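Engineer: Sharing a model prediction with you, sequence too.
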Amino acid sequence: MNETDTAALRTEALTKHYGDFPALVDVNLEVRLGEVYGFLGPNGAGKTTMIRTVLDEIRPTAGRATILGLDSHHDSVEIRRHIGYVPGDLAMYPNLTGHDTLTFFSNLRGGVDWSYVAELSDRLGADLSKKVGDLSSGNRQKVGLIQAFMNRPEVLIMDEPSTGLDPLVQREFQAMVREVSSEGRAVFLSSHTLSEVQRVADRVGIIRHGHLVAVEYLSDLRTKAMRRVDLEFDSPVDAGVLEAVPGVRDVSVDNHRATLSFDGKMATLLTAVAQRYDVVDINTREADLEEIFLTYYRDAAAEGEVTV
């Protein structure tokens with residue numbers, strides 16, 4: 001390992017084309033030891049291609065990646081000693097029990113601390129006595145998480161790791177992720193859901209159409225996580241009235257109903273519209289990730305790569 005390179009994971013102009021389709025375009029990012037890095041993007045944005053390229057499961061068209069200073073291609077075997085990995089398409093031998101599966105991975109890694117495995121199993125509520133093929137998707141995911149954490153890797157790389165987990169298990173998983181970073185290890189967490197990473201990530205990189213369009217601290221990103229607001233009035237509404245309210249964007253009006261994006265205080269919005277209309281009903285929800293992209297990163301995505 002290159003001790004002078006303290007980055008947990010680094011890519012340099014990483015590019016991957018499938019024929020004429022650019023899945024990744026000049027991606028430069030750095031994940032630091034001791035941090036949780038959320039890698040966000042809608043489905044099809046390039047998240048899984050990024051992970052598979054970094055792990056040398058597929059070869060890049062151009063550029064390179066390193067993990068702990070080790071080249072992802074030339075040092076791919078050595079890298080496996082230092083990482084834990086949860087793929088997005090988790091597949092395990094269906095006729096092996098959860099315990100047998102973990103024993104298999106333990107043997108590949110030269111042994112693990114089984115008391116720690118038992119602790120992880122207890123925390124996640126995993127039943128390791130059943131065959132993997134008899135488990136629900138959520139319970140299979142628990143086995144996959146345990147195998148990733150059980151050798152206390154220096155770098156954890158996870159692709160949509162909360163798939164199938166119930167809310168209580170998700171909360172425990174998030175605590176496990178925070179513990180990893182607090183011990184000076186690194187987590188690279190890929191997801192299409194902002195809410196999945198906002199409780200644990202220190203920084204987030206946002207990928208859209210294969211381009212890394214933003215890298216931000218989570219505290220800054222939260223200020224951009226607008227809400228979608230549905231309003232119903234007692235009479236037809238003029239879109240211009242709503243668009244004049246500071247913080248309102250992307251207004252859509254259909255007779256008595258309006259939908260908009262809003263990043264201010266709800267009291268400000270309601271006070272402004274109540275001067276002209278009677279509000280019959282209101283519904284708010286967190287804007288999904290694609291809406292945040294379209295609102296804040298349209299120009300950056302068109303231009304391509306962002307400087308990290």
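Structural biologist: Perfect, I can see it now.
Engineer: Backbone dihedrals for L124, please?
Structural biologist: phi -90, psi -10 (degrees, to the nearest 10).
Engineer: now swap in R123 and tell me
Structural biologist: Backbone geometry at R123, expressed as degrees, to the nearest 10, gives phi -70, psi -40.
Engineer: contacting residues around it?
Structural biologist: E172, M176 (CB atoms under 8 Å, 6 or more residues apart in numbering). Using the backbone N, CA and C atoms, a C-beta is placed for each residue, glycine as well.
Engineer: do the same with the one 10 residues further on
Structural biologist: When contacts are counted by CB under 8 Å, 6+ apart, G133 is found next to P94, N95.
Engineer: Recalculate using a threshold of 10 Å.
Structural biologist: Going by CB atoms under 10 Å, 6 or more residues apart in numbering, G133 touches M92, Y93, P94, N95, L96, T97, R140.
Engineer: Now the two most distant members of these.
Structural biologist: For the contacts of G133, the farthest-apart pair by CB to CB is N95 and R140; their separation is 13.3 Å.
Engineer: if I look at these two, which residues touch both of them?
Structural biologist: V132, G133, D134.
Engineer: Let me know whether the first one touches Q147 as I believe.
Structural biologist: Pointing back at V132 there. No - using CB atoms under 10 Å, V132 is not in contact with Q147; the gap is 11.2 Å.
Engineer: okay, and the common contacts of these two?
Structural biologist: By CB under 10 Å, 6+ apart, V132 and Q147 have these common neighbours: M92, G98, T101.
Engineer: what about the last one, neighbour count?
Structural biologist: Same thing as T101. Neighbourhood size, T101 [other CB atoms under 10 Å]: 21.
Engineer: separation between it and S137?
Structural biologist: Here T101 is placed at a distance of 15 Å from S137 (CB to CB, to the nearest Å).
Engineer: So what pairs up with the residue most central in space within the chain in the strands?
Structural biologist: Taking CA atoms, centre = their mean, the centroid of the chain lies closest to S191, which sits 2.5 Å from it. When assigned by DSSP bridges, S191 has beta-bridge partners L40.
Engineer: so it makes contact with I206?
Structural biologist: No - between S191 and I206 there is no contact under CB under 10 Å: 11.1 Å.
Engineer: Quickly list what's touching both of these two.
Structural biologist: With CB under 10 Å, 6+ apart, S191 and I206 have common neighbours G38, F39, L40, G41, L289.
Engineer: Go through the residues you listed and name the one nearest S261.
Structural biologist: Of the shared contacts of S191 and I206, the one sitting nearest to S261 (CB to CB) turns out to be L289, at 13.0 Å.
Engineer: how deep is A274 tucked in, by neighbour count?
Structural biologist: By other CB under 10 Å, the burial measure for A274, its neighbour count, is 10.
Engineer: I'd like the distance between it and L231.
Structural biologist: Applying CB to CB to A274 and L231 gives a distance of 11 Å.
Engineer: now swap in G240 and tell me
Structural biologist: 15 Å.
Engineer: quick one: which of the two has more around it?
Structural biologist: Counted by other CB under 10 Å, G240 and L231 do not tie: L231 has more neighbours, with 22 against 9.
Engineer: so where does that one fall, helix or strand?
Structural biologist: For L231, the host element (DSSP states H and E) is strand 227-233.
Engineer: Show me what that strand is packed up against.
Structural biologist: strand 248-254, strand 257-262, helix 266-274, strand 279-286 (3 or more CB pairs under 10 Å, 6 or more residues apart in numbering; DSSP states H and E).
Engineer: Contacts for it, please.
Structural biologist: Here strand 227-233 makes contact (CB under 10 Å, 6+ apart) with 237, 242, 247-248, 250-253, 255-264, 266, 269-270, 273, 276-288, 291.
Engineer: of these, buried ones?
Structural biologist: Buried members of the contacts of strand 227-233, scored by 16 or more other CB atoms under 10 Å, are 237, 242, 248, 251, 253, 258, 260-263, 269, 273, 277, 287, 291.
Engineer: how about those, which pair is most distant?
Structural biologist: Using CB to CB, the two most remote members of the buried ones among the contacts of strand 227-233 are Y277 and E291, lying 24.2 Å apart.
Engineer: who are the neighbours in contact with the closest residue to D234 other than its chain neighbours?
Structural biologist: Leaving out its chain neighbours, the residue that sits closest to D234 by CB to CB, 6 or more residues apart in numbering is D278, at 4.5 Å. Shown in contact with D278 (CB under 10 Å, 6+ apart): F233, D234, S235.
Engineer: Quickly name whichever of those residues is closest to S72.
Structural biologist: Among the contacts of D278, and counting by CB to CB, the member closest to S72 is F233, at 55.9 Å.
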